[in-house]
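1. could you work out the structure for the sequence below:
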Amino acid sequence: MNLTNEAIFKYHEGGKVGMCATKSLVSQEELSLAYTPGVAEAVKAIASDRSKLFSYTAKSNLVAVVSDGTAILGLGDLGAEASIPVMEGKGVLFKVFGDVDGWPVPLNCMRKGGGNSGPTDPQRVIDAVCALAPMYGGINLEDIAAPACFEIEDRLDEMLDIPVFHDDQWGTAVITLAGVMNYTRLCERSLSSLRIVINGAGAAGIRIAEMLKAAGATDIVLCDSRGTVRKERTDLNAKKREHAADTTAKRVVEVLRGAHVFIGVSAADCLKGEDILSMADYPAIFAMANPKPEISPEVVAEAMGEKPYIMATGRSDYPNQINNVLGFPFLFRGALDAGASRITLGMKQAASEALSALAREPVPEDVQAIYASEGALTFGNRYIIPKPFDRRLFVEVPLAVANAAAADGVARIDLGDGYRAHLEARNEVR
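-> Numbering: from 1, shown residues only. Below you'll find the predicted structure:
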């Protein structure tokens with residue numbers, strides 16, 4: 001895949017999102033229904049019963065994609081305005097994959113002191129999101145730097161009665177857990193028996209550790225730019241302290257020796273081939289730094305030779321892409337359909353389990369055709385996670401999420417036994 005700057009800028013010219021009216025407006029009667037005098041009846045209905053918001057407005061299928069631009073992709077703090085192409089892109093992915101209307105909400109002046117430089121002021125973001133929340137059925141937080149992102153999500157989750165989801169934290173974690181689940185099947189080890197090293201202790205690394213532990217992993221060592229996150233360190237923030245390990249190893253290459261799984265959400269080219277060779281037999285390497293991974297698949301392949309291993313990256317031009325688009329559109333689809341008041345850990349785990357199970361199913365011919373350059377897609381070392389253009393995702397993941405919402409007591413709508421059929425029918429026409 002050769003992406004030129006000319007092609008990129010042409011694709012983005014004029015933006016990537018716009019409004020599409022969902023109702024006809026071609027007659028005097030329809031004008032009276034859409035606006036005055038008819039709209040007054042909808043206004044009065046909502047004023048007397050707030051739940052009518054979900055019936056008489058776009059709220060039930062509209063998600064705000066919110067960012068202050070402090071952690072854009074792997075580019076860093078470039079500000080809210082520079083984040084807009086990413087927020088628009090997120091909106092496109094929401095619509096195309098999950099049939100969810102996602103709208104960009106870039107926030108300026110969210111820094112301590114009120115300007116547009118310096119660290120995020122969590123309270124400013126929280127106040128802004130609460131102020132705009134009435135229009136939206138869900139909040140997708142995006143590209144907000146740690147540690148502020150943890151406080152923002154946790155507090156908004158408590159304050160609002162709609163789903164709040166920071167994709168940089170949980171999106172990567174949901175997909176990673178699905179991949180690790182399938183790795184355990186291929187290597188015939190239990191999750192509880194794995195030694196796992198996570199390089200990168202920011203938003204994604206912390207939440208990956210939490211999801212893995214909730215699923216049964218017990219031996220995880222986090223590493224940051226200063227080495228292993230160990231109990232003896234005095235420079236750890238509260239989130240890192242929660243996961244500090246009792247280890248004497250100080251560097252990632254030390255703790256990697258004998259490990260079964262490496263998960264990288266850090267920096268390019270921080271590992272070498274000999275580091276991979278020091279791992280346990282049949283290792284899994286999830287090198288997800290973008291655009292350059294912690295170690296390239298080519299270097300791993302050369303080091304491992306004929307030995308079995310699993311390699312995953314965040315890139316679309318290699319097998320086993322750990323891509324957040326496998327998660328957030330379908331998580332929100334299920335959450336919105338269930339009228340969920342929040343996205344619980346159980347709902348995230350259900351999404352991981354659905355993704356894991358789908359990768360073990362035979363791949364349809366149309367999906368095989370899209371990815372013909374990768375050869376036959378069949379469950380194994382080069383295919384542990386579904387592909388984004390697998391339309392079955394639209395059914396399997398929302399169904400699992402909605403069922404988990406009901407089980408966790410956060411669903412307002414009883415979707416009943418017909419929800420699968422509803423998703424399958426909707427999938428046919430979208």
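
2. buried ones in stretch 8-27, by neighbour count?
-> By neighbour count with 16 or more other C-beta atoms under 10 Å, stretch 8-27 contains the buried residues 16, 17. All C-beta spots, glycine's among them, are computed from the backbone N, C-alpha and C.

3. all strands for this protein, in order.
-> If DSSP state E is used as the criterion, the strands of the chain fall at 62-67, 101-106, 138-141, 164-166, 195-199, 219-224, 227-228, 261-264, 284-287, 310-313.

4. strand partners (parallel or antiparallel) of the third one?
-> Partners of strand 138-141 in the sheet, by DSSP bridges, are strand 62-67 (parallel), strand 164-166 (parallel).

5. any idea which of those strands gets closest to residue 2?
-> With C-beta to C-beta, the closest approach to residue 2 among those belongs to strand 62-67: 28.9 Å.

6. neighbouring contacts of the closest one?
-> Outside of strand 62-67, the residues within contact range by C-beta atoms under 8 Å, 6 or more residues apart in numbering are 80, 83, 86-87, 90-91, 94, 100-107, 125, 129, 132-133, 135-144, 332, 336.

7. let's see that with 7 Å instead.
-> 80, 83, 87, 90-91, 94, 100-107, 129, 132, 135-144, 332 (C-beta atoms under 7 Å, 6 or more residues apart in numbering).

8. for the lengthiest helix in the chain, packing partners?
-> The residue-count maximum for a helix in the chain (DSSP state H) belongs to helix 167-187. With contacts defined as 3 or more C-beta pairs under 7 Å, 6 or more residues apart in numbering; DSSP states H and E, helix 167-187 has these neighbours: helix 148-159, helix 203-215, strand 261-264, strand 284-287, strand 310-313, helix 345-359.

9. the same query, at a cut-off of 8 Å, please.
-> strand 138-141, helix 148-159, helix 203-215, strand 261-264, strand 284-287, strand 310-313, helix 328-337, helix 345-359 (3 or more C-beta pairs under 8 Å, 6 or more residues apart in numbering; DSSP states H and E).

10. any residues touching the second one, and which ones?
-> Meaning helix 148-159. Residues outside helix 148-159 that contact it (C-beta under 8 Å, 6+ apart): 70-71, 119-122, 125-126, 129-130, 139, 141, 144, 164-166, 168-169, 203, 206, 239, 342.

11. contacting residues for the residue nearest to the spatial centre of the chain?
-> Using C-alpha atoms, centre = their mean, the residue of the chain that lies closest to the mean C-alpha position is residue 171, 1.8 Å off. For residue 171, the contact set (C-beta under 8 Å, 6+ apart) comprises 165, 324, 327, 328.

12. ok, 10 Å please
-> Neighbouring residues of residue 171 by C-beta atoms under 10 Å, 6 or more residues apart in numbering: 140, 142, 165, 204, 207, 322-328, 331, 348, 351.

13. again with residue 366
-> So residue 366 contacts 389, 390, 391 (C-beta under 10 Å, 6+ apart).

14. generate a ChimeraX selection restricted to the buried entries among the residues you listed.
-> To isolate the buried members of the contacts of residue 366 in ChimeraX, using 16+ other C-beta under 10 Å:
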select :390
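
15. turn the contacts of residue 366 into TSV, including pLDDT and distance to residue 301.
-> Listed next are the contacts of residue 366 as TSV, based on pLDDT from 0 to 100; distance: C-beta to C-beta, whole Å:
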residue	pLDDT	distance to residue 301
389	94	26
390	96	26
391	95	31
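
16. which members of the contacts of strand 62-67 are classed as buried?
-> With neighbours counted by 16+ other C-beta under 10 Å, the contacts of strand 62-67 contain buried members at 80, 83, 87, 90-91, 94, 100-107, 129, 136-144, 332.

17. before we move on, back to that, now the helices and strands packed on helix 167-187 as CSV including mean pLDDT and distance to residue 254?
-> Output for those, formatted as CSV (pLDDT from 0 to 100; distance: least, C-beta to C-beta, whole Å):
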stretch, mean pLDDT, distance to residue 254
strand 138-141, 97, 34
helix 148-159, 94, 28
helix 203-215, 94, 18
strand 261-264, 97, 13
strand 284-287, 97, 17
strand 310-313, 96, 22
helix 328-337, 97, 35
helix 345-359, 98, 30
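
18. possible to save the ones you listed as CSV with distance to residue 13?
-> CSV is the format used below for those (distance: least, C-beta to C-beta, whole Å):
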stretch, distance to residue 13
strand 138-141, 25
helix 148-159, 31
helix 203-215, 31
strand 261-264, 34
strand 284-287, 33
strand 310-313, 29
helix 328-337, 24
helix 345-359, 34
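
19. nearest to residue 50, of these?
-> helix 148-159 (15.9 Å).

20. so the closest one versus helix 203-215, what angle?
-> Orientation of helix 148-159 against helix 203-215 (axes from the mean of the first three to the mean of the last three C-alpha atoms, to 10 degrees) gives an angle of 60 degrees.

21. what's the angle between helix 148-159 and helix 167-187?
-> Counting by the same axes, to 10 degrees, helix 148-159 lies at 100 degrees to helix 167-187.
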